[in-house]
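1. Return atomic coordinates for the entry below.
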Amino acid sequence: MKPMKILLAAAALVVPFGAQAQDVAAAEALAKKSGCMKCHSVSAKKEGPSFKATAAKYKGKPDAEKALTTFLTTNPKVKVDGNEESHESPKTKNEAEVTNLVKYILSR
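-> Reported below is the predicted structural model:
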């Protein structure tokens, strides 16, 4: 039992207070299922910005997670090839899945 307590104490030092685990596989699966990867990439610009560019845009902003969540869930108008289109929302009603996707994008 003592080794388990030591392991948990060590883990608490490594993980920042209040941090939540991110499920990378689930975020990538939701991005693929939602069609995000047609217009976005993790590191290269396509029709839309890369996740890396999006993360850089929001870096250091205290409301980054909330702002990106709002963007992804309100179907705002975006320019694609000079035409204005509605940006699609993630294909889930589960707020935790959307939050996980947002954290994934912001961590790139």
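
2. Which residues are in contact with residue 50?
-> 40, 41, 42, 43, 44, 108 (Cβ atoms under 8 Å, 6 or more residues apart in numbering). No exception for glycine: its C-beta is placed from N, CA and C like everyone else's.

3. Return the member of those residues nearest to residue 84.
-> Nearest to residue 84 among the contacts of residue 50: residue 40, at 17.8 Å, using Cβ to Cβ.

4. residues in contact with that closest one?
-> Applying Cβ under 8 Å, 6+ apart, the residues near residue 40 are 31, 46, 47, 48, 49, 50, 51.

5. What ranges does this protein have for its helices?
-> Ranges of helices in the chain, per DSSP state H, are 2-14, 24-33, 36-39, 51-58, 64-73, 95-106.

6. ok and the second one relative to helix 95-106, angle-wise?
-> For helix 24-33 against helix 95-106, the angle by axes from the mean of the first three to the mean of the last three Cα atoms, to 10 degrees is 90 degrees.
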